[in-house]
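Peer 1: Okay, sequence plus prediction incoming.
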Amino acid sequence: MVLNFLRGGAGINVLARQAGAKVVVADIGVAGEPLEYEGLISCRVKSGTDNFVLGPAMSQEEAVKAIETGIALVQQQIHDSVALVGTGEMGIGNTTPSAAILAVFSGLNPIDVTGRGTGIDDTRMQHKAQVIAKAIEVNRPNPKDGLDVLAKMGGLEIAA
């Protein structure tokens, strides 16, 4: 997906071209070896977010670093005279932490806030909701502490 963004082949690239906008691609935490491609901004916090079923997705320090990295990226665009900034993120499986965060903050059952993502069937969606419930049970995020929820349930791309 990173290469697709850089080559202009993703849906966001089509929308950006139509609007006359620029897509800025940054590696905050792509899993694997660091990437080196023309046009890619490397500001990696770490290689991938951790499995939140086994423990926190990231440390609070890593979450703060990712947030600060996102802020720095936006500040650079403003410095370059960009008048309007719209943020977005791309993470493989990122609807799972998004639903987990929503479940924690809303107090709703994970099945009630879990969507199909890339179009999974009923059995996989049920499993996805069970994974989220397990991650919440393992990590016990504090819904009154946004940083705690983000670090335990989120992804580096969401934090940035």
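Peer 2: Here it is on my side, so go on.
Peer 1: helices or strands up against the helix ranked longest in the chain?
Peer 2: Identified as the longest helix of the chain according to DSSP state H is helix 60-79. Contacts defined by 3 or more Cβ pairs under 8 Å, 6 or more residues apart in numbering; DSSP states H and E place helix 60-79 against helix 146-153, helix 156-159. Where you see a C-beta, it was placed from the backbone N, CA and C, and this is true even at glycine.
Peer 1: Who are the packing partners of the first one?
Peer 2: If I follow you right, that is helix 146-153. Using 3+ Cβ pairs under 8 Å, 6+ apart, helix 146-153 sits against helix 60-79, helix 95-106, helix 122-139.
Peer 1: possible to save those helices as CSV with mean pLDDT?
Peer 2: Formatted as CSV, these follow (pLDDT from 0 to 100):
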stretch, mean pLDDT
helix 60-79, 96
helix 95-106, 95
helix 122-139, 96
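Peer 1: what's the spacing between stretch 107-119 and its chain's center?
Peer 2: 16 Å (Cα atoms, centre = their mean, to the nearest Å).
Peer 1: could I have it exported to PDB, CA atoms only?
Peer 2: Written as PDB, here are the backbone C-alpha positions of stretch 107-119 (Å, rounded to 0.1, in the frame of the first residue of the first chain):
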ATOM      1  CA  GLY A 107     -18.900   1.200  26.800                       C
ATOM      2  CA  LEU A 108     -20.700  -0.700  24.000                       C
ATOM      3  CA  ASN A 109     -20.200  -4.400  23.300                       C
ATOM      4  CA  PRO A 110     -17.500  -4.900  20.600                       C
ATOM      5  CA  ILE A 111     -20.000  -6.700  18.300                       C
ATOM      6  CA  ASP A 112     -22.100  -3.500  18.300                       C
ATOM      7  CA  VAL A 113     -19.300  -1.300  17.000                       C
ATOM      8  CA  THR A 114     -17.400  -3.700  14.800                       C
ATOM      9  CA  GLY A 115     -17.800  -3.400  11.100                       C
ATOM     10  CA  ARG A 116     -16.800  -5.600   8.200                       C
ATOM     11  CA  GLY A 117     -13.700  -3.800   7.200                       C
ATOM     12  CA  THR A 118     -12.700  -5.200   3.900                       C
ATOM     13  CA  GLY A 119     -15.900  -7.200   3.600                       C
END
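Peer 1: If anything else comes up later, I'll come back, but that's it for now.
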